[in-house]
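# quick one: sequence plus predicted model below, questions after.
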Amino acid sequence: MITTLVQGPREYLESLEEEIRLHPALNHPFLRNFRNGKLTLDRMRIFARQYYLYSRWFSMYVSAVIAKMPDEKPRAYLIKNLYQEYGEGDLQQTHPAIFRRFLRALRLDSPEIERIEPLPETRLFIHEYLFVCREGHFLEALGALGPGTESIVPYIYHSFYEGLRKEPSLHEEDIEFFTLHMQMDVEHSANIKEALLEYAVNRENQALIRQGAMEILGARTVFWNGLERACCG
């Protein structure tokens, strides 16, 4: 009887990251159009409104996963990420607060921000994220949060950064949210990988991790489809 060896945890997670880099969520026309400066200022405002609806609740997604994790050591890595999401105690530097500075630079005021209506694709993406983090197996949730999200942020935010730099009304400090995450999410991804190394030791666990990552990448692709329709159509 022929048996196949189970990949070691680090080897498996690295191979999963390589697979993810070929996913449509990282190679979507919306990202290419944004990077190449195809969005007008008004279309950038549409993007910013919709992305804020997702981003403002990111700490809640992380909190939901932390609450599901059964083991103290790997849980500590996510708690460190969550602390940074909250500006390390400085409420002016929480990540939603930094994003709101980006919105204000686009001349979107607070009353308008509170009245944002989600596109159907945005609503689906947020719903899927909440469902995976709250209702899914904790390894699915970790897969969604780590390989499926934090590991790809430096790639996708580079497209946003390049496109936003082409808008003359925006300055470097206005797009801090994206430059910050291009750097910080390398560390956040590494932290979640350390947590996952405790669990990615057999095929069953590896399959759950991959399932969560692919579920959220599929939902993000739908999100990009909506933004492509609204911003580039």
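Cool, the structure landed.

# now do the buried residues in stretch 142-158.
By 16 or more other CB atoms under 10 Å, the buried positions in stretch 142-158 come out as 142-157. In short, each C-beta sits where N, CA and C put it, glycine included.

# how far off centre is it?
5 Å (CA atoms, centre = their mean, to the nearest Å).

# from what I can see Arg75 touches Ile66, true?
Yes. Contact criterion CB atoms under 8 Å: Arg75 and Ile66 qualify, at 5.9 Å.

# which one of the buried residues of stretch 142-158 is nearest to Ile209?
Gly143 (3.8 Å; CB to CB).

# return the residues in contact with the nearest residue to the closest one once chain neighbours are set aside.
Spatially, and ignoring its direct neighbours in sequence, Gly143 is nearest to Gly212 (3.1 Å; CB to CB, 6 or more residues apart in numbering). Neighbouring residues of Gly212 by CB atoms under 8 Å, 6 or more residues apart in numbering: Val132, Gly136, His137, Leu139, Glu140, Ala141, Leu142, Gly143, Ala144, Leu145, Gly148.

# just send these back as JSON lines, with pLDDT and distance to Leu82 too.
Below are the contacts of Gly212 laid out as JSON lines (pLDDT from 0 to 100; distance: CB to CB, whole Å):
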{"residue": "Val132", "pLDDT": "97", "distance to Leu82": "17"}
{"residue": "Gly136", "pLDDT": "93", "distance to Leu82": "19"}
{"residue": "His137", "pLDDT": "97", "distance to Leu82": "20"}
{"residue": "Leu139", "pLDDT": "98", "distance to Leu82": "19"}
{"residue": "Glu140", "pLDDT": "98", "distance to Leu82": "19"}
{"residue": "Ala141", "pLDDT": "98", "distance to Leu82": "14"}
{"residue": "Leu142", "pLDDT": "98", "distance to Leu82": "14"}
{"residue": "Gly143", "pLDDT": "98", "distance to Leu82": "18"}
{"residue": "Ala144", "pLDDT": "98", "distance to Leu82": "16"}
{"residue": "Leu145", "pLDDT": "97", "distance to Leu82": "11"}
{"residue": "Gly148", "pLDDT": "97", "distance to Leu82": "17"}
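
# need those residues in JSON lines (columns: distance to Pro96 and secondary structure).
Listed next are the contacts of Gly212 as JSON lines, based on distance: CB to CB, whole Å; DSSP: H, G, I helix; E, B strand; the rest coil:
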{"residue": "Val132", "distance to Pro96": "21", "secondary structure": "helix"}
{"residue": "Gly136", "distance to Pro96": "24", "secondary structure": "coil"}
{"residue": "His137", "distance to Pro96": "28", "secondary structure": "coil"}
{"residue": "Leu139", "distance to Pro96": "27", "secondary structure": "helix"}
{"residue": "Glu140", "distance to Pro96": "25", "secondary structure": "helix"}
{"residue": "Ala141", "distance to Pro96": "21", "secondary structure": "helix"}
{"residue": "Leu142", "distance to Pro96": "23", "secondary structure": "helix"}
{"residue": "Gly143", "distance to Pro96": "24", "secondary structure": "helix"}
{"residue": "Ala144", "distance to Pro96": "20", "secondary structure": "helix"}
{"residue": "Leu145", "distance to Pro96": "17", "secondary structure": "helix"}
{"residue": "Gly148", "distance to Pro96": "21", "secondary structure": "helix"}
